[in-house]
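Student: sequence first, predicted model second:
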Amino acid sequence: MGITLTTAARDAMCDALVDLVDGGSADTTGDLIIMTGADATLATLTWAATPAFGASSTGVATMNTIQDETSATAGTAALHKFQDRDNTEVWRGNVQTSAGDLNLSSLAIGTGDTVSVSAYTVTQPAS
């Protein structure tokens with residue numbers, strides 16, 4: 001038999017992870033960085049205020065509204081990372097147009113493009 005987490009444990013684990021984005025003191029908020037496969041930054045999105053995520057419910061934390069990047073650098077999006085207020089990476093994932101860790105309408109980003117992220121969730125499964 002495998003381990004099964006209670007809802008309270010799932011919420012605590014999920015909150016512990018997403019709350020790391022609000023840690024640090026160098027910047028006002030953490031960042032969501034959209035990158036190429038070679039880790040070159042294409043867009044940096046920030047929150048107007050903390051916290052970056054709402055409290056977890058049934059193991060799912062939903063990102064609060066994030067500001068658009070209005071002057072992106074040209075390239076092909078492949079990765080994303082969340083970093084804290086001291087610019088330390090907390091986690092990263094892929095970028096796709098569907099079924100990805102982060103989905104964008106297009107992976108092709110042009111110079112000066114606006115990049116928007118309307119939703120992002122982090123899930124701590126029960127098992």
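Tutor: All right, it came through fine.

Student: tell me where the chain has strands.
Tutor: Using DSSP state E, the strands assigned to the chain run over residues 31-35, 41-46, 60-62, 75-76, 79-83, 89-96, 102-103, 108-109, 121-123.

Student: now those in TSV, with mean neighbour count, mean pLDDT and distance to D22?
Tutor: (Each C-beta comes from the backbone N, C-alpha and C, glycine too.) Below are the strands of the chain laid out as TSV (neighbours: other C-beta atoms under 10 Å; pLDDT from 0 to 100; distance: least, C-beta to C-beta, whole Å):
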stretch	mean neighbour count	mean pLDDT	distance to D22
strand 31-35	23	98	12
strand 41-46	20	98	12
strand 60-62	18	98	12
strand 75-76	18	98	28
strand 79-83	21	98	11
strand 89-96	15	98	10
strand 102-103	18	98	19
strand 108-109	16	98	27
strand 121-123	15	98	13
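
Student: turn these into TSV, columns for distance to A52.
Tutor: Formatted as TSV, these follow (distance: least, C-beta to C-beta, whole Å):
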stretch	distance to A52
strand 31-35	8
strand 41-46	9
strand 60-62	9
strand 75-76	24
strand 79-83	8
strand 89-96	10
strand 102-103	14
strand 108-109	22
strand 121-123	10
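
Student: between the ones you listed, which gets nearest to V18?
Tutor: Closest of those to V18 is strand 60-62, at 4.5 Å (criterion: C-beta to C-beta).

Student: list the contacts of that closest one.
Tutor: 14-15, 17-18, 53-55, 119-124 (C-beta atoms under 8 Å, 6 or more residues apart in numbering).

Student: wait, which of the strands of the chain is closest to D68?
Tutor: Closest to D68 of the strands of the chain is strand 41-46 (C-beta to C-beta; 6.8 Å).

Student: list the strands paired with that closest one, with their directions.
Tutor: strand 31-35 (antiparallel) (DSSP bridges).
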